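>>> Below: sequence and its predicted model.
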Amino acid sequence: MKMTLKMKKIVTLSLILIVSSFALLGLAGVFTPKETPAPVITNLESVIREGHYSEYLSMYQEEFGTDDPFVVEAVDFVLPLGEFLEPDQLSYEWVSDSSITLNVAIDTEGLYFIHIKYMSLSDSHIPIGLSIRLNGEEDSPYYEASQITLPTLWTEAEETLGVDRYGNDVSVTQKTFDVDQDIVLRDAQRLYQDGLSFYLPSGDNTIEIEKISGELSLKQVRIEPKKTYVNYETYSLSAEDSASSIVRIEAEESLYRNSSTIARGVSRDPLVEPFSMTKLKLNVLGTDSYDVSGDAATWEAGIESAGWYYITLKTQILRQNASIYKTLYVNGEIPFEEAKHLVFSYSRDWQNLSLKTLDGEPLKIYLEPGDLISLEVDSSLFVRVVEKLRMMTAEMSQMGLDVTKLTRNNTDQGIDWEMLDYFPDLNIVLSRWIDELDEVNQVLRALYGFSNDAQIIRDMEAAISKIEKVQDDVNELPRRLTLLSTGSSSAVQLISNQLDNILKQPQVLDAIFLHTDLDAVPDPNPNFFINFRVFFARFFLSFVDQSYSDQASSEELEIWVNRSRQYVDLLQKITDDQFTSQSGIKVKISLINDDGKLLLANSANQQPDAALGISAWIPNEYGMRGMLYDMSQAEGFSDVIDVYNPEQLIPMTYDGKLFGLPETENFFVMFYRKDILEELDLEVPNTWQDVLDMLPVLRRYGMSFYIPLSSSSA
């Protein structure tokens, strides 16, 4: 059969498309060999920050006590004046912001940890806050001891997910999960995995615990020495193996979480369950959450028989060329030493990652029916790195401030500065910063385990490069402060931008497998044919799916909203659940990305019934043209207007008619550089006269006081 010219063109075009697709995939690195990461646990030398826990540990040379646990039951608490417990009461309902005191007898002096058994009574998203003071001291022994937090456990309020009008899953509300917790007191950022320790001399001691926020039922406090764990080899001899099965647990369906911010996310991958060809399913955990140190999710092991199980995560690591760390708990306890720092390394695709040692040895965990498995984000290995970088940025900022004071911020090219006359150790300090940043990078490379650098390390290298440019000619430092300490691309800014990222451990979880056969887990990624089928099915279905039609029916109120897609979806969900269900009035909320569309819609007589998120000038401008309804004529107007200040309504009023209402109310706050005010011996201003009085001093050193005069000038 002879090919026609049209058929030849189609075949040629198809071949070009196929070759181009493979070329693009090659450029994207799809066909490049995958690197096998080799992370190694290492750390910097101890970094001491004045007034912080690191200094406290150094002061007592990490001399941990050895006494048996000292238990204080609720009936033995010294309660606030006027409060008491009956002898048979097992807990203290701590609802007032007050303090309780514990009397503790210690035989061997040293550092001890405080464990508490409690149940949260708080339904607030703000964690319970505590402060610790010892032996009658007015202040906490170090900063972290004044900022202790206790988590409230959260679970999903509904067993099944709701759907929006388009058929997509919508986030469910969360409620508190009321159960006793037995934890060691930790810092607010939960960076110290073992908890916070407190030095107690031998003899009688008093521990005062002040509650700053939240409510709890406190049942017991224990003073314990530092906990030690057996190694995996010893742990693996503790029971016999008898199980043989595989169980899949959906990661997003956790029993509870210790933070209300841990939420489900969406993946459209064909092998992520549950899957839909056209709808968005909340089928994973951790796309935008579950990455902060101390965040933990807990699942019930749905096994039928006790035994030794491999635990495999179907997961994606979101940070390129990096590894993240988690801690395993079984029934609230770390089972063995190696479970404290479990590593999961980056790959482009979904992975089945079994819990392993750093040497790659698979770990088997002894589980019984009903056991609870928890995975906690572990940033403890990065604490010293972050502390070192914070100290360095503080030193660099101080150097920049000292130079500014010297030069009065004068960058005149005609002035020759001999910086070594004023800062004799300048070259030594710059070299030390370079060496310390290089040391930080070496630690990060070891912890990440990749030969190619992550973005965090690349930013550290860029900071080194900027410091080296300063070192090339230190006399130019007054004109090169943007390289060191000021501006959005300075070394200080590059380092500061990554401080939070270093501590974050982003990971997405689809499923957790409990299995006895190491190779029994199904492949995590779809093959070419599955991807091909799903791609074309979605393509053709997009022509027939009318879920997202912009047209509202005649029975619906049509509201246009100039905000983000997430905001609009949530507003539609709340409206359907609360307003429509009660009033019977249907509302269709549509997203617009430009409020200028309102004018065009009015010209075409296709305007909505109401609009939200629009510019403040639009109600007045459109109202005077007769486009808008006078809201002062609406029923119940006087009740609504009472919540607003009259000044807020002026921009929306014309000719005695009101054409809009403010959605939000914002205000300005004053923030200031403590280091600058301390260096210049200035007080924080309380009045405008105070500001005027300090301006001459600021101007003398080339500084000023920023005041926002309008939305476009200052």
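Alright, I've got the coordinates. Numbers count the residues shown, from 1 in each chain.
>>> which residues touch Gln505?
Asp291, Ser293, Ile324, Tyr325, Lys326, Val377, Asp378, Ser379 (Cβ atoms under 8 Å, 6 or more residues apart in numbering). All C-beta atoms are positioned from the backbone trio N, CA, C, and that covers glycine.
>>> The second one and Leu503 touch, don't they?
Yes - Ser293 is within contact range of Leu503, at 5.6 Å (criterion: Cβ atoms under 8 Å).
>>> For Leu514, the count of nearby residues, please.
As a burial measure, Leu514 scores 23 neighbours (other Cβ atoms under 10 Å).
>>> other SSEs contacting the helix or strand hosting it?
Counting by DSSP states H and E, the element that carries Leu514 is strand 507-515. If you count contacts as 3 or more Cβ pairs under 8 Å, 6 or more residues apart in numbering; DSSP states H and E, strand 507-515 packs onto strand 246-250, strand 282-285, strand 307-317.
>>> okay, the angle between the longest one and strand 507-515?
Strand 307-317 and strand 507-515 meet at an angle of 160 degrees, taking axes from the mean of the first three to the mean of the last three Cα atoms, to 10 degrees as the criterion.
>>> before we move on, the earlier item: to Phe668, which of the helices and strands packed on strand 507-515 lies closest?
strand 282-285 (38.0 Å; Cβ to Cβ).
>>> Strand partners (parallel or antiparallel) of the helix or strand just after the closest one?
Where DSSP H and E defines the elements, the next helix or strand beyond strand 282-285 is strand 296-300. Applying DSSP bridges, strand 296-300 is found paired with strand 256-257 (antiparallel), strand 372-377 (antiparallel).
>>> Select from the contacts of Gln505 the one having the most neighbours.
That'd be Val377 among the contacts of Gln505, by other Cβ under 10 Å, with 26 neighbours.
>>> tell me the contacts of it?
Tyr290, Asp291, Val292, Ser293, Gly294, Asp295, Ala296, Ile324, Tyr325, Lys326, Gln505.
>>> give me that answer again for 6 Å
Shown in contact with Val377 (Cβ atoms under 6 Å, 6 or more residues apart in numbering): Ser293, Asp295, Gln505.
>>> in this structure, which residue is closest to the centre?
Centroid-nearest residue in the chain: Val292, 4.6 Å away (criterion: Cα atoms, centre = their mean).
>>> surely Glu338 meets Thr234?
No - look at Glu338 against Thr234 with Cβ atoms under 6 Å: they stay out of range, at 10.9 Å.
>>> Which one's more surrounded, those two?
For Glu338 and Thr234, the more surrounded residue by other Cβ under 10 Å is Glu338, and the numbers stand at 22 against 11.
>>> Can you tell me how far the closest residue to that one other than its chain neighbours is from Gly360?
Leaving aside its chain neighbours, Glu338 sits nearest to Tyr232 (4.8 Å; criterion: Cβ to Cβ, 6 or more residues apart in numbering). Tyr232 is 13 Å from Gly360, where distance means Cβ to Cβ, to the nearest Å.
>>> Show me which of these two is the more surrounded one.
Tyr232 (18 against 9).
>>> ok, that one touching Ala339?
No - when contacts are counted by Cβ under 6 Å, Tyr232 is not listed as touching Ala339 (7.9 Å).
>>> What lies in contact with stretch 366-375?
So stretch 366-375 is contacted by 239, 296, 298-301, 303, 306, 308-309, 326, 329-331 (Cβ under 6 Å, 6+ apart).
>>> again, 8 Å this time
So stretch 366-375 is in contact with 235, 238-239, 255, 296-301, 303-309, 311, 326-332, 335, 365, 512, 514, going by Cβ under 8 Å, 6+ apart.
>>> now swap in stretch 182-198 and tell me
Outside stretch 182-198, the residues within contact range by Cβ under 8 Å, 6+ apart are 53, 57, 64, 111-117, 129-130, 132, 134, 141, 144-145, 147-151, 207, 224, 226-227, 293-294, 327, 332, 340, 378-380, 383, 503.
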